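**Q** Quick check, what structure comes out for this input:
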Amino acid sequence: SAMCPQCEESSESVHHFLVSCPTYTRQCNILRAKLGTKAHHLKHILNKPDCLKALFKYIATTRRFETVFGDV
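**A** Next comes the predicted model:
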């Protein structure tokens, strides 16, 4: 897959975007604070209803998809 356009340090993937991209360290720390250990596993972040609000807040605050979808 293509390199992450934000950090240019790793391949862009869902895991990279949600868990390890250094560009989003601040947002990721907030997500981890809200979800606890669930924030380390995509199966929880993407599938547990109690994680969705924090996930969408994370996506919105990164502004990663703003050029494609507008203000989410």
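
**Q** Point out where this protein drops to low pLDDT.
**A** Along the chain, the parts satisfying pLDDT under 70 run over 1, 72.

**Q** any idea which residue sits dead centre in it?
**A** Centroid-nearest residue in the chain: Leu18, 2.7 Å away (criterion: C-alpha atoms, centre = their mean).

**Q** Leu35 touches Lys53, doesn't it?
**A** No: Leu35 is not in contact with Lys53 according to C-beta atoms under 8 Å; the separation is 10.0 Å. No exception for glycine: its C-beta is placed from N, CA and C like everyone else's.

**Q** which stretches of the chain form helices?
**A** Assigned by DSSP state H, the chain shows helices spanning 14-15, 25-35, 42-47, 52-62, 66-69.

**Q** what's the closest of those to Pro5?
**A** helix 66-69 (10.6 Å; C-beta to C-beta).

**Q** So which bits of stretch 62-69 are buried?
**A** For stretch 62-69, the neighbour count (16 or more other C-beta atoms under 10 Å) marks Thr62, Arg64 as buried.

**Q** Count the neighbours of the closest residue to Leu42 other than its chain neighbours for me.
**A** Nearest residue to Leu42, sequence neighbours excluded (C-beta to C-beta, 6 or more residues apart in numbering): His15, at 5.9 Å. Residues lying near His15 (other C-beta atoms under 10 Å) number 14.

**Q** Can you tell me, leaving aside adjacent residues, what's nearest to the residue nearest to the centre of the chain?
**A** Nearest one to Leu18, counting by C-beta to C-beta, 6+ apart, is Ile45 at 5.9 Å.

**Q** Kindly report the same for Leu31.
**A** Using C-beta to C-beta, 6+ apart, the closest residue to Leu31 is Tyr58 (4.6 Å).

**Q** Then Ala39?
**A** Arg32 (4.2 Å).

**Q** same deal with Phe17?
**A** Arg64 (6.7 Å).

**Q** didn't that neighbour look like it was pressed against Pro5?
**A** No: at 9.0 Å, Arg64 and Pro5 do not qualify as touching, with contact defined as C-beta under 8 Å.

**Q** OK, contacts around Ser10?
**A** Met3, Cys4, His16, Ser20, Cys21 (C-beta atoms under 8 Å, 6 or more residues apart in numbering).
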